[in-house]
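J.: here is a sequence together with a model predicted from it:
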Amino acid sequence: MFRTINDFTRAFQYEYETTLKVFKNIDNETLNLKPHDKIRSMQRLVWHITITLGEMLGKAGLKIDCPDEHSEPLKDIHEICDIYEKAAKSVLEQVEKNWNDESLTEEVEMYGEKWHRGIILTVLIKHEAHHRGQLTTLMRLNGIAVPGVYGPSREEWAIWNLPTPE
């Protein structure tokens, strides 16, 4: 659970920049890849990651500059990247403007339960990391270069002329 706004903003800044880096490795031709009927397409995943910023924090009382949670996914990855980046910056702005360290222990009704605001911020990041992991797996399976997230990716090891980890 986040206990300070500063800790959240530092963590979220890294996470959103990393997510954006992953999104930017996808092109419009591969955006609709869906390898199985029980798996979301990459388009659905990037859109879900994007709109959750507004959906989840909206339920917690913040107004994030983001499309509605029921909106249909866009077909252009560049537009999605722009919307995602704008929404992520809105998250930082709205959290810093409307919440403070003391308010992170306040409980808010979330999905039929009571969550501390600090937990909501933690879940927001974990949710994004979870779906980003699904996305990078789909990218890897479809031959799309995966950028490093919490360390170098296989492609980055090769660029640096280092032995690729098995």
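T.: Great, that's in hand.
J.: on the three-state scheme, the residue nearest the centre of the chain is what?
T.: Computing the C-alpha centroid of the chain and ranking residues by CA atoms, centre = their mean puts residue 128 first, at 3.7 Å. Under the three-state scheme (DSSP: H, G, I helix; E, B strand; the rest coil), residue 128 adopts helix.
J.: and it, what does it touch?
T.: Listed by CB atoms under 8 Å, 6 or more residues apart in numbering, the contact partners of residue 128 are 15, 16, 19, 49, 52. (Each C-beta comes from the backbone N, C-alpha and C, glycine too.)
J.: around the third one, how many other residues sit close by?
T.: Here the neighbour count serves as a burial measure; for residue 19 (other CB atoms under 10 Å) it reads 23.
J.: that one: which element?
T.: If you go by DSSP states H and E, residue 19 is part of helix 5-23.
J.: re the thing from before, looking at the contacts of residue 128, state which has the most neighbours.
T.: Using other CB under 10 Å as the neighbour test, these are led by residue 49, with 25 neighbours.
J.: separation between it and residue 118?
T.: Using CB to CB, to the nearest Å, residue 49 is found at 21 Å from residue 118.
J.: try residue 63
T.: Distance of residue 63 to residue 118, given as CB to CB: 20 Å.
J.: so the two - more neighbours on which side?
T.: Using other CB under 10 Å as the criterion, residue 63 and residue 118 rank with residue 118 on top: 21 against 11.
J.: would you agree the more buried one falls within a helix?
T.: Yes: residue state for residue 118 (three-state DSSP) corresponds to a helix.
J.: show me which residues of stretch 141-156 are buried.
T.: 144, 146, 147, 149, 153, 155 (16 or more other CB atoms under 10 Å).
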